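Enquirer: Could you work out the structure for the sequence below:
(2 chains)
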2 protein chains.
Amino acid sequence: MSLIEPRTLKGFRDYLPETMIPRERLMETARRVYRSFGFLPIDTPALEYEEILVGKGGAESDKQLYRFEDHGGRRVALRFDLTVPLARFVAQHHNDLGLPFKRYHIGNVWRGENTQRGRYREFVQCDFDTIGSTSIAVDIETGLVVHELLRAIGFERFEIRVNDRRVLNGVLERAGLAEHAVPVLRALDKLDKIGPEKVAEEMASTAGASAAQARAILELAQASGTNAQVLERVRPLVAGTERGEAGIASLATLLGAMDAAGVPESRLRLDLSIARGLDYYTGTIYETVLSDLPGIGSICSGGRYDDLASLYTKEKLPGIGASLGLDRLLAAMEELGLIDARRASAPLFLAYFDEARLADYQALAMRLRAAGIGVEFYPEPRKLGAQLKYADRRGFRHALIVGEDEWKTGQAQLKDLARQSSAVVPLGAGLVDALARALAE
Amino acid sequence: MSLIEPRTLKGFRDYLPETMIPRERLMETARRVYRSFGFLPIDTPALEYEEILVGKGGAESDKQLYRFEDHGGRRVALRFDLTVPLARFVAQHHNDLGLPFKRYHIGNVWRGENTQRGRYREFVQCDFDTIGSTSIAVDIETGLVVHELLRAIGFERFEIRVNDRRVLNGVLERAGLAEHAVPVLRALDKLDKIGPEKVAEEMASTAGASAAQARAILELAQASGTNAQVLERVRPLVAGTERGEAGIASLATLLGAMDAAGVPESRLRLDLSIARGLDYYTGTIYETVLSDLPGIGSICSGGRYDDLASLYTKEKLPGIGASLGLDRLLAAMEELGLIDARRASAPLFLAYFDEARLADYQALAMRLRAAGIGVEFYPEPRKLGAQLKYADRRGFRHALIVGEDEWKTGQAQLKDLARQSSAVVPLGAGLVDALARALAE
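Expert: Here you go, the predicted model:
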C-alpha cells in the first residue's frame, strides 16, 4: 500500500509543544483576567447557518467564508469571527442571560484568505464584551481589562490608544462632511501607512473634501502633547456639536478614571486618528501597540457599538468589547524573546533503572504528584545517559535518580541538569520538602 | 429589513455560562492532571485534506464526515476525532518531537451523525497518548492517569475496567477461531446489551463458532471474582499460546503496580469481555464506568496499539492512550448533581451608587483584583435592590456596598446574600484581609 503524504493544508498549521505551551499559558492568563472582572465564558458552534454569517463582515469576509452544504442539504459556513456569533447568541438567549451580560469567548475562527507572513486561515480569537449598558463605567472597565491583560501576560512597554468616534463625527459635522464620514474615516485609517498628504488626496477624491476640510480633520488626527493638552486642543474643533462635545466629555472622564485606577499615563494615549471598523463603532475606540514592536499593528482592539444584534432582534443591544490578537501576540513574544523556552510540562524527571521495582517507581511518582509535584517517569529502563539526554531535550532541569542502591539505602540523587550538580535527598519522609525547595530555586 | 431568525444548526448548541463554567473547569482539571504526568499539549487544524481523514475511521465515519471543496479547489474535511490527526502529526514531525512522545490534545471534532439524546455533531475530545514505547510502564501510567482524572474531577465511585487484547486472542487461538477474531469480538462487545445467549447466536452465524467454542469465549468474558481470582481462572484458557500468556503476565504486573500506586481494588476491575476498537487495539484496553450512572457507558476509554501511523509513514510507532468523554461526563455530572450551580466567575460584587465617585470605585476594584480578589463592578448607578437582584441572579454570595456615607466614613458594608447578613469592613488598610476572610468562609 502506498503511503499518504502527511501534510497540513496551506494556511493551516500544527502546534508543536514548544508553541502550544506558551499559547495555553496566554489563554489561561486571558481567562484569569476576564474572570477577575466578572466576565463569564460562553461557546458557540464552529458551524452556523450561512444566512447567519454571510454579509455580516462585508464583501471581504464573504469571499473568505468557508461554506458548503451539509448532510441535510443546509447551507452552512465556518464562523469567521466571534462577534457575529455573539450577536446571534445574545439575540437568541438574552431573556435567559439577563442584562448587563459580560462574556468572554476564546475560540477558533476560519478565513480562507490569501496567506501572508504570520497570517493563517485558522486562528484563535479571544474576545470580551459587555452587552446592555451604555454607562461610561463599562468603557473605562474595557480599557482596564486591556491594560491588565497586557500586564498579566508580562508586557511593560505598551501603549493603549483611545479615541471616541463622536469626536470625529463632531469635527466632520462642523466641516460639513457628516454625509461623507465613511470615505473620510477610511482615508484617515491609513494615516500611519501613507502619511497626511496622501490621506488628504484620498479625502478629496472619495469624499469631495476641500483642502481646508482635510486640514481640519488632519489637525484633529495629528494633535499631539499630553492627553490633557490634546483634549484642550481639540475642544474648539467640535464646539457646538452635541456628539463632539459628548465625546470629549466622555474621554475626559475615561482618562481620569484610568489614571485613578493605576494605569500609567505612558501606557494610555489619546489618539484622535484611530477610527477602527468604519460603520460599526459609535463611541470609545481602543487599539494597543507594543512599544518594542509597533510594526505588527494593534494586538488588542475594540470599541463601543450602539446596536449589536439588529439583524436578528428588534431589541436594541448596546455594548462595548475588545479582542486580544492571541496568535499575533504569540508571534510578537517569540520575536521579543519573551517565550520561556522550557518545554517540559512537569517540573521533575524520574529516571527508571530497576524493572523489578516498577511498582515502587510508579508509587513514588504518584506520591509526588499527590503532593503537587508533577513528575515525568521515563518508561524504559535504559542507561542513565540516554535518559538524561531525553530529559535535557525535553527541557527538564531536575532529574531524580533512584537505582538499586538508592532503593536499598533510602537515599536518592537529585540532579540539576542546568548546573550539572547533584544532591542527596531522602526517599522517605522529607523527600517532598527537599524537592519543593530545590525546584523553587 | 426583515430579521434573520437567530438559531443554531440541528445537532449543534450554544454553551451558556452555567454550562461553560463547569466545562472550562473540567478542561482545566484534565490539563493539570496531564501535565502532572509530563504530557505535552499539541494542536492540529480543524480542517485537513480529505485523503488524510477519509477511510480512517471506517465506513460509518466516512458517512459522517463534513467534507467540501475549499477556495483553492482542494478536497477538505473537518476532523472527526483526534486520533487520525495525531497519526498524521506524529508521522510528519516525529524527528522534531523525539520519542517517546507524550501528548495531550483537547479540541473539537465534528460528525454529521443522526442526533440522539446527548449526542451532538460537534463535541470536545480530550485525549492523551504516549507514542514510541512498548514498555508496560506506559500501560500502567495510562491507567493511573485515568484514575487521577476521575479523582481530580471529584468522583469517588467509579470502576476502571482493564483487559488485554492478547488474552482474547490466546483464547481464540486455542479455540481454533483465530481467523474469525473480528466477528467474534464484535459479538462479544454486545455482551452487556444483548446477553450471553444472543452473543453465542451471533458468534455462530457470523464466525461459525460452535456452541462449545462460544461457551469457552463466554466463560472468559464472564469470569468473576477478585482480580486475582479472575486471572487464575483464565490462565488455563490461554495456556500454551504465546500471546495469551503474555497478556496474562502483563495484566498481573499492571494490577500489582496500580495497587502499589494507590488505586483501590474497588476502582480497578479485570474485565475480559471488553474488546474496544475491533482491529485497532493490540494490548491493554481500558474502559471507565461511573458506578452511579453505568447506563451512560464508558466515560474514559483507550488502549495500546502497535502501529499508530502506518498510513503515513514506514516508521513503526507503537503507543497507548485514552480519551476522556468530556461532554458525556458533563452530562453525567449534571444528572448526578455534581455541578456547582454558582454562576459568577468573580467572588465579589461591587455595587455602584455615586457617579461622582466612579474613578474611586474603579480604583477600589483594581486594588482588590491586584490582591487576587476578583470583582464584578455593576456599571449603572441604580437602586441597591435592582443591583442586588442582579448579583443574586448571577450567583454572587458577597456584595460590597460603598455609598456616599461609606466613602466619607471609610467604612463599607459587606453583604452576605445567602445568609442575608451584613458586616462592616474598613475601606482602607485591612479591607483585603477582611474580604479574604469573609470570602473563604
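Enquirer: going forward, measure contacts between C-alpha atoms and count neighbours the same way
Expert: Noted.
Enquirer: And the helices in the stretch 301-441 of chain A, which stretches?
Expert: With DSSP state H, counting those that start in this stretch as the criterion, the stretch 301-441 of chain A has helices at A:326-335, A:358-370, A:384-393, A:404-409, A:431-440.
Enquirer: number of nearby residues for A:Leu86?
Expert: Look at A:Leu86: counted by other Cα atoms under 10 Å in any protein chain shown, it has 22 neighbours.
Enquirer: How far does the host helix or strand of it sit from its chain's centre?
Expert: Using DSSP states H and E, A:Leu86 maps to helix A:83-97. Averaged C-alpha coordinates place helix A:83-97 at 22 Å from its chain's average position (Cα atoms, centre = their mean, to the nearest Å).
Enquirer: So is it next to chain B?
Expert: Yes. Using Cα under 8 Å from any Cα of the partner chain, helix A:83-97 comes into contact with chain B via A:88-89, A:91-92.
Enquirer: Most neighbours among these, please name it.
Expert: Highest neighbour count within the residues of helix A:83-97 next to chain B: A:Arg88, with 26 neighbours (other Cα under 10 Å).
Enquirer: Verify the stated contact: that one with A:Leu308.
Expert: No. The criterion here is Cα atoms under 8 Å, and A:Arg88 misses it with A:Leu308 at 9.1 Å.
Enquirer: Name all residues that make contact with the most centrally placed residue in chain A.
Expert: Centroid-nearest residue in chain A, with Cα atoms, centre = their mean: A:Leu324, separated by 2.5 Å. By Cα atoms under 8 Å, 6 or more residues apart in numbering or on different chains, the contact set of A:Leu324 is A:125-127, A:299-301.
Enquirer: Quick one: these as TSV, columns for neighbour count too.
Expert: Output for the contacts of A:Leu324, formatted as TSV (neighbours: other Cα atoms under 10 Å in any protein chain shown):
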residue	neighbour count
A:Gln125	20
A:Cys126	22
A:Asp127	25
A:Ile299	22
A:Cys300	24
A:Ser301	22
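Enquirer: Inside strands: which ones of these?
Expert: Applying DSSP state E to the contacts of A:Leu324, the entries found in strands are A:125-127, A:300-301.
Enquirer: Which stretches in the stretch 101-250 of chain A count as helices?
Expert: A:136-153, A:165-174, A:181-188, A:191-207, A:211-222, A:227-238, A:242-260.
Enquirer: what helices or strands is the longest one leaning on?
Expert: I take that to be helix A:242-260. Judged by 3 or more Cα pairs under 8 Å, 6 or more residues apart in numbering or on different chains; DSSP states H and E, helix A:242-260 is in contact with helix A:136-153, strand A:158-164, helix A:165-174, helix A:227-238, helix B:358-370.
Enquirer: still on that earlier bit, okay, angle between the helix holding A:Leu86 and helix B:384-393 too, please.
Expert: Going by axes from the mean of the first three to the mean of the last three Cα atoms, to 10 degrees, helix A:83-97 is angled at 110 degrees with respect to helix B:384-393.
Enquirer: And helix A:83-97, what does it pack against?
Expert: helix A:50-53.
Enquirer: rerun at 10 Å
Expert: The elements that helix A:83-97 packs onto, with contact taken as 3 or more Cα pairs under 10 Å, 6 or more residues apart in numbering or on different chains; DSSP states H and E, are strand A:47-49, helix A:50-53, strand A:101-110, strand A:122-131, strand A:319-324.
Enquirer: average model confidence for it?
Expert: If you average the pLDDT over helix A:83-97, you get 95.
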